[in-house]
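[1] A structural model of the following input is requested.
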Amino acid sequence: MKLLEQIFEIAKKEPDLIVLAEREQKFTYRQLFAAVSHISEQINERNLNQRPILIFGKNDFITLAAMLATNLTGHAYIPVDAHTPFERTEMIKSAAKPAAVLTTVELSADFEALFTDRISLELTDQILTDKLPALDFSKAVSGNDSNYIIYTSGTTGVPKGVEVSHDNIVTFTNWMNNDFMKIENNQILSQALYSFDLSIFSLYPSLTTGGTLISLSRDETTNFKLLFERLNKTVINTWISTPSFVDICLLDPSFTEKEHPQLVQFIFCGEELTKKTAEKLLTAFPSATIYNTYGPTEATGAISSVKITKELLTENDRVPIGFAKPGVDLKIMDKEIIIVGDSVAKGYFENPEKTEQAFFTVDGKPAYHTGDAGSISADGMLRYQGRIDFQVKFNGFRIELQDIEANIQNLKEIEKAVVLPKTNDQHKVTALIAYLETEKTFEDRAAERAFTKELKAELSKTIMDYMMPTKFVYLKKFPLNQNGKVDRKALAQKERGDN
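    Here you go, the predicted model:
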């Protein structure tokens, strides 16, 4: 059965279940498919070619309906968040050459000029009809058809479109629905942007099991007051986010099991889960089940998971990233994690050169070069050991930056660490800058220097002298990018601005 048909079966059985809850409005499965039907009719009226369709919008009901309607008409969708800079959006549109553009937000003059021949969508009484429509699924994406294309950063500055198939999504969704906690009437946090593949952790597992997506707007995720107002009046059973986003929430005293007794499952992906974040979360929610997962966009969300326990944290200096999901084999080749199996995406959309560099086959199965260093223990546990491309050469020594970060994060009073190289005009590394997130305050420069001296003394016990950062910068909170990850580019720009 096609994924869309699975979701439609839920709508037929329980049409009045809430499918998505925004801050001001809730929507049912019946309303979702009424909107899907309405939007698919508008798409079909255009008699489009089979190229993908770009959807420019926010994390909301109408954008979700647009994505499903696109798949119903046999097209892959390209989600682009409405806050994406104009120049980047222009690059994505130029690279993708979409058959059409659907917009679900008001546009500035620049975007109106970019999306001249667009289909503008908005919520109306006509869309939100009380009648469950009859739908034709004969053209809906299936099998190896492309389900979505998410554009990620490219080394040349031009975004690359990761092309994920319908069957890739099915194997991921089945894993999420079978191997994690089964919660009846599950209310799942939907915080990640639809243009970020972490969003599929919420979307498809919820839609295929009759769950409710608790959708956070950008205003809520970027405004502490609005965020905690929403969280404290909303029931959430399953929390899905980057570790950095839950770090923000742990700053509020109300984010505890006592205040949120129905929040029983946490699932993390997108960046490394540190021991300190895991320990704080276990303290705040001692009865909750917490999972760390791992996987790049090119392998459909995630391909491994591990349950976090106090014992696991005691036995490991760095939080492991788990055991492979069914259908995936993990290999280590030249220290690099290689993913093999049914989660591996089709490649980079219409970019054969980049696809050939990263995608290949192992014993006839699709495989992907992750660029991540790692190891696998005898029992199959995968451990992350940093990015291969985060290696730098400094004073003649090859140094793994995330090795330094991991050791700094083990120090008392340091919540998180990012180490970045500083280079000269010849691209030679001239210094290593350590950005440290800490609650500690300094009365003056002398106090800061004394603290730095103490840190260096402790750090020298676990790293080589040539790995010692040249400069330490203390921050109360790291900047996050729109996907909720630590914004390394913003930190690098801060260093350039300080000098």
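[2] which residues touch residue 270?
    192, 196, 198, 241, 242, 243, 483, 484, 485 (Cβ atoms under 8 Å, 6 or more residues apart in numbering). Bear in mind the C-beta positions are built from the backbone N, C-alpha and C, glycine included.
[3] let's see 7 Å
    198, 242, 483, 484, 485 (Cβ atoms under 7 Å, 6 or more residues apart in numbering).
[4] for residue 53, same thing?
    70, 75, 77, 78, 98, 99, 100, 102.
[5] If it is in a bridge, with which residues?
    residue 77, residue 100 (DSSP bridges).
[6] distance of residue 198 from residue 240?
    Distance, residue 198 to residue 240, using Cβ to Cβ, to the nearest Å: 7 Å.
[7] Walking through the stretch 301-450 of the chain, point out its strands one by one.
    304-307, 323-324, 328-333, 336-341, 347-348, 359-362, 365-376, 382-387, 391-394, 397-400, 416-423, 429-437 (DSSP state E, counting those that start in this stretch).
[8] Then the stretch 1-150 of the chain?
    18-21, 26-28, 53-57, 77-81, 100-103, 118-120, 146-152.
[9] ok, back up a step: among the contacts of residue 53, name the buried ones.
    70, 75, 77, 78, 98, 99, 100, 102 (16 or more other Cβ atoms under 10 Å).
[10] my guess is the fourth one meets residue 96, correct?
    Translated: residue 78. Yes: if you go by Cβ atoms under 7 Å, residue 78 and residue 96 touch, sitting 5.6 Å apart.
[11] Identify the contacts common to the two.
    52, 54, 149.
[12] For the first one, list the residues it contacts.
    Okay, so that is residue 52. Here residue 52 is in contact with 75, 76, 77, 78, 96, 98, 99, 146, 149 (Cβ under 7 Å, 6+ apart).
[13] Residue 489 is nearest to which of the strands of the stretch 301-450 of the chain?
    strand 416-423 (9.7 Å; Cβ to Cβ).
[14] That closest one vs strand 429-437, what angle?
    Angle, strand 416-423 to strand 429-437, by axes from the mean of the first three to the mean of the last three Cα atoms, to 10 degrees: 160 degrees.
[15] and for strand 416-423, what are the contacting residues?
    Contact partners of strand 416-423, identified using Cβ under 7 Å, 6+ apart, comprise 274, 392, 401, 404-405, 408-409, 429-437, 469, 478, 486, 488, 491-492, 495.
[16] In it, which residues are buried?
    Here strand 416-423 shows 416, 417, 418, 419, 420, 421, 422 as buried, counting by 16+ other Cβ under 10 Å.
[17] quick one: which of the residues you listed is nearest residue 248?
    residue 416 (11.7 Å).
[18] pLDDT at the closest one, what is it?
    Listed pLDDT for residue 416 reads 91.
[19] and it, bridged to which residues?
    residue 437.
[20] Next, work out how far apart it and residue 292 are.
    Distance, residue 416 to residue 292, using Cβ to Cβ: 16 Å.
[21] what bits of the stretch 151-300 of the chain have low per-residue confidence?
    Along the stretch 151-300 of the chain, segments meeting pLDDT under 70 span 154-157.
[22] got the contact list for the one residue sitting closest to the centre of the chain?
    Among the residues of the chain, the one closest to the centroid is residue 198, at 3.1 Å (Cα atoms, centre = their mean). Neighbouring residues of residue 198 by Cβ under 7 Å, 6+ apart: 192, 242, 269, 270.
[23] And for residue 177?
    Contact analysis of residue 177 by Cβ under 7 Å, 6+ apart lists 205, 208, 209.
[24] Between these, which sits nearest residue 165?
    The closest of the contacts of residue 177, once distances to residue 165 are taken by Cβ to Cβ, is residue 208, at 16.6 Å.
[25] Identify the residues contacting the closest one.
    6, 7, 173, 177.
[26] Let me know the pLDDT of the closest residue to it other than its chain neighbours.
    Of all residues not flanking residue 208 in the chain, residue 6 sits nearest, at 5.0 Å (Cβ to Cβ, 6 or more residues apart in numbering). On pLDDT, residue 6 comes in at 97.
[27] Tell me how far residue 6 lies from residue 26.
    Separation of residue 6 from residue 26 (Cβ to Cβ) stands at 22 Å.
[28] And residue 192, by the same measure?
    Distance from residue 192 to residue 26, by Cβ to Cβ: 20 Å.
[29] More neighbours: which of these two?
    Neighbours per residue (other Cβ atoms under 10 Å) separate residue 192 from residue 26, with residue 192 holding more: 26 against 13.
[30] Pretty sure that one sits in a strand.
    No: assessed with DSSP: H, G, I helix; E, B strand; the rest coil, residue 192 is coil; it does not lie in a strand.
[31] Could you pull up the residues touching it?
    198, 199, 241, 483, 484.
[32] Closest one to residue 455 out of the residues you listed, please.
    Closest approach to residue 455 among the contacts of residue 192 (Cβ to Cβ): residue 484, at 27.4 Å.
[33] Please report phi then psi for that closest one.
    phi 80, psi 10 (degrees, to the nearest 10).
[34] wait, isn't it in contact with residue 247?
    No: assessed by Cβ under 7 Å, residue 484 is found out of contact with residue 247, at 9.9 Å.
[35] Count the neighbours of residue 203 for me.
    Neighbour tally, residue 203, other Cβ under 10 Å: 22.
[36] ok, it - contacts?
    Contacts of residue 203 by Cβ under 7 Å, 6+ apart: none found.
[37] what do you get if the cut-off is 8 Å, keeping everything else the same?
    By Cβ under 8 Å, 6+ apart, the neighbours of residue 203 are 64, 190, 194, 213.
[38] Touching, the third one and residue 67? I think so.
    To tie it back to what came earlier, the one meant is residue 194. Yes: Residue 194 is within contact range of residue 67, at 7.0 Å (criterion: Cβ atoms under 8 Å).
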